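> fold the following.
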Amino acid sequence: AAAAAGGGEGDADAGPAYARVPSGAVSMVGLHLALWVRSDAASDVSCVDAAVAAAGFGGVLGNKGLVALRLLLRDTSLVIIGAHLPSGDGPGDAGRRDACARDALSRGVFAAADPALPPAPPWRARPRLATAAADADVAFLVGDLNYRLIAPGRAVRRALANLVENAARMAGMPVGPLSL
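Prediction:
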């Protein structure tokens, strides 16, 4: 089992062992998100929760939308989102994709914070458990966003930077400097 999870003791070339986090998986028709951590950090993960927001036909079919996991890593709240947005490069398709993303992000919320959060060290406030991506200390968005970029390199990099900034703005998250 250790070899299948990235190595084990006595296997110097295999690297560190990894363990799947209990409750750290969520699925929808074409999306699956599973959380694995280094075995030596598994005890640092707590308060794992999952959310799903279907955004397919009529906003109910699970062929488009997002799956998300929320957790605490020590005292840092994380949200990991896997998204599959509608495709198309016709007039208005990008706007529909943006609307789909906004809708899915607004519905992809987690249960209220658990009152049994782990205690904080004396020098830091009690950990804050996110109820949405914008509430997290750190959020990751991955997946098939289906945006079409057909332009020279410089224009593509500028468009990617704008896309990241706009996605963060839609989610209510700050964006640091981007260098593409």
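
> in the chain, which spans are helices?
For the chain, helices defined by DSSP state H occupy the ranges 93-107, 153-171.

> ranking those by burial, who's on top?
With neighbours defined by mean count of other CB atoms under 10 Å, none of the helices of the chain is more surrounded on average than helix 93-107, at a mean of 17. Using the backbone N, CA and C atoms, a C-beta is placed for each residue, glycine as well.

> which other helices and strands does it contact?
Contact analysis of helix 93-107 by 3 or more CB pairs under 8 Å, 6 or more residues apart in numbering; DSSP states H and E lists strand 45-54, strand 65-73, strand 76-84, helix 153-171 as its packing neighbours.

> how big is the angle separating the second one from helix 93-107?
Direction vectors for strand 65-73 and helix 93-107, defined by axes from the mean of the first three to the mean of the last three CA atoms, to 10 degrees, enclose an angle of 40 degrees.

> so, low pLDDT: which residues of this structure?
In the prediction, the chain carries residues with pLDDT under 70 at positions 1-14, 56-62, 108, 112-128, 149-150, 177-180.

> now render the helices of the chain as JSON lines, adding distance to Asp135.
Conversion of those to JSON lines gives the following (distance: least, CB to CB, whole Å):
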{"stretch": "helix 93-107", "distance to Asp135": "12"}
{"stretch": "helix 153-171", "distance to Asp135": "10"}
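
> which residues touch the closest residue to Arg97 other than its chain neighbours?
If you skip the residues right next to it in sequence, Arg97 has Leu85 as its closest partner in space, 4.9 Å away by CB to CB, 6 or more residues apart in numbering. Residues in contact with Leu85 (CB atoms under 8 Å, 6 or more residues apart in numbering) are Ala55, Lys64, Arg97, Cys100, Ala101, Gly143, Asp144, Leu145, Asn146, Tyr147.

> right, I'll leave it there.
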